[in-house]
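1. no sequence for this one, just the structure:
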């Protein structure tokens, strides 16, 4: 998380023979502390500061400075929310579909669900059921026709 106010300060102290690195901060009671740290630790803090600064700048560039209303959000939505009528029709259609699938004989229902719900192909299902792919294809086609007949009123435009 990027913060605008830093809770610490970084300091580098160079001498002729070496460079020392310090981090200064205040504890919870307001008492100041200064720690000498390794160069690697100091550089990691520098990189963290840089990433935080870049994040803050990115936020500033991409923040929307105009007022956003429900109407503008609705227009921008990738998927426009469905109306209550559409949701009720969809729910009723889903219930009818579930009942139609449940009314299928067990073997047809299993093959139908494996093909349409779980995405197996006819050869994979045939291997599971120890039969031919054409038998699976025929069984799924018959099940599909039965489900279509049950769903006929919802499939018409």
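-> Yep, that arrived. In this text, all values refer to a predicted model and were calculated from it rather than measured experimentally.

2. tell me the mean pLDDT for the longest helix belonging to the chain?
-> Using DSSP state H to define each element, the chain has its longest helix at helix 39-62. Averaged over helix 39-62, pLDDT sits at 88.

3. and that helix, what other elements does it pack with?
-> strand 8-14, strand 19-26 (3 or more C-beta pairs under 8 Å, 6 or more residues apart in numbering; DSSP states H and E). From N, CA and C alone the C-beta is placed, and that goes for glycine too.

4. list the helices and strands the longest one packs on?
-> Counting contacts by 3+ C-beta pairs under 8 Å, 6+ apart, the secondary-structure elements packed against strand 19-26 are strand 8-14, strand 32-37, helix 39-62.

5. ok and it relative to strand 8-14, angle-wise?
-> 160 degrees (axes from the mean of the first three to the mean of the last three C-alpha atoms, to 10 degrees).

6. if we can go back for a sec, nearest to residue 85 among the helices and strands packed on strand 19-26 would be which one?
-> The minimum distance between residue 85 and the helices and strands packed on strand 19-26 falls on helix 39-62, with 37.2 Å, by C-beta to C-beta.

7. chain center to whatever helix or strand residue 142 lives in: distance?
-> In this assignment (DSSP states H and E), residue 142 forms part of helix 133-150. Offset of helix 133-150 from its chain centre (C-alpha atoms, centre = their mean, to the nearest Å): 35 Å.

8. related to what we said a few turns ago, which other residues reach the next helix-or-strand element following the longest helix of the chain?
-> Following helix 39-62 in sequence order, the next helix or strand is helix 70-76 (DSSP H and E). Here helix 70-76 makes contact (C-beta atoms under 8 Å, 6 or more residues apart in numbering) with 80-81.
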